[in-house]
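[1] Fold the following for me, if possible:
(chains A and B)
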Amino acid sequence: DAGVTQSPTHLIKTRGQQVTLRCSPKSGHDTVSWYQQALGQGPQFIFQYYEEEERQRGNFPDRFSGHQFPNYSSELNVNALLLGDSALYLCASSPVNRGDTEAFFGQGTRLTVV
Amino acid sequence: AQSVTQLGSHVSVSEGALVLLRCNYSSSVPPYLFWYVQYPNQGLQLLLKYTSAATLVKGINGFEAEFKKSETSFHLTKPSAHMSDAAEYFCAVSDRASGTYKYIFGTGTRLKVLA
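    Numbering: from 1, shown residues only, chains lettered A, B, ... in the order given. All right, here's what the predicted structure looks like:
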C-alpha cells in the first residue's frame, strides 16, 4: 500500500499566479482533507471532501478551492497567490465517519510564493 | 468548540532522560485525541491515539500517553530519550461535533535531544 501520495513535493510560484496540488488517498479511504501548515505552526484545516462534495470548510478564503474525483483522489487549487500562502500543504485521508480511525497524512507539498 | 493547547514550544532533554510533552484539550463531547510526530520536511506520522478505550495508551517507538479527564490532559511520555526522537510533536483533537472528524492541532512542541 503506497499510503497517501502528494504531488509535487516542492513548488515555487509568483504572486498572483494559480497553483494546483494533487493527492491520492490511502487505499480504502474515501475522505480527503487538506491542511495548511505555515512555518512554525500546527496544521490548519482547509476543507474536507467526501463523495466529490465539500463537506466542511475551515477559515480560508474562496481563493482556496478543491475537487474530489470518482477514484477519491483530490486537488487543491489556490488562485491569486499571496506571499502568505507560502506553507506546507498536507493531504490526509480517512474512512468516512470513523473518528476513531486515524487520518493518514502525505509527505506534503512545500509551496513557496515569491 | 474544541481546542488543544501544547505547553512549551521547545523542550530539550538529555539522551536517556524522560521525555514529557504536555497537551491539554477542551471539548464539549468525549474527545478522540492523537499525537503525531513530524520529522524535518516530512508529513505527519501517528504515534498513538485515544478513542475512549484504555486511558493509558501505548504507541510506537516507546511512547505512551495517559488520558486524564479530570485534568483535561493527554500528555506524551517516553522513559528514555533517544537522539532519533528529535522532531516536532503535535497533539490533535478530532472534531466529533461537526461529524467530519477533522483535526484541530496544537501549535506543536519541538523536541531537542542532547548528547
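[2] hang on, B:S84 in a helix?
    Yes: using DSSP: H, G, I helix; E, B strand; the rest coil, the assignment for B:S84 is a helix.
[3] per-residue confidence for it?
    According to the predicted model, the pLDDT of B:S84 comes to 95.
[4] Roughly how far does it sit from A:V78?
    In this structure, B:S84 and A:V78 are 35 Å apart, going by CB to CB, to the nearest Å. Glycine gets a C-beta too; all of them are placed from N, C-alpha and C.
[5] any idea which helix or strand carries the most centrally placed residue in chain A?
    Centroid-nearest residue in chain A, with CA atoms, centre = their mean: A:W34, separated by 3.1 Å. When secondary structure is defined by DSSP states H and E, A:W34 falls within strand A:31-37.
[6] tell me the contacts of residue 9?
    Since you didn't name a chain, this refers to chain A. With contacts defined as CB atoms under 8 Å, 6 or more residues apart in numbering or on different chains, the neighbours of A:T9 are A:107-110.
[7] looking at chain B here, not the other one
    For B:S9, the set of contacting residues under the criterion of CB under 8 Å, 6+ apart consists of B:107-110.
[8] Most neighbours among the residues you listed, please name it.
    The most neighbours of any of the contacts of B:S9, using other CB atoms under 10 Å in any protein chain shown, belong to B:G108, which has 22 neighbours.
[9] ok so, going back, so B:S84 and A:V78 - more neighbours on which side?
    With neighbours defined as other CB under 10 Å, B:S84 and A:V78 compare such that A:V78 has more, 24 against 9.
[10] A:V19 is in contact with the more buried one, correct?
    Yes: with contact defined as CB atoms under 8 Å, A:V78 and A:V19 form a contacting pair (5.2 Å).
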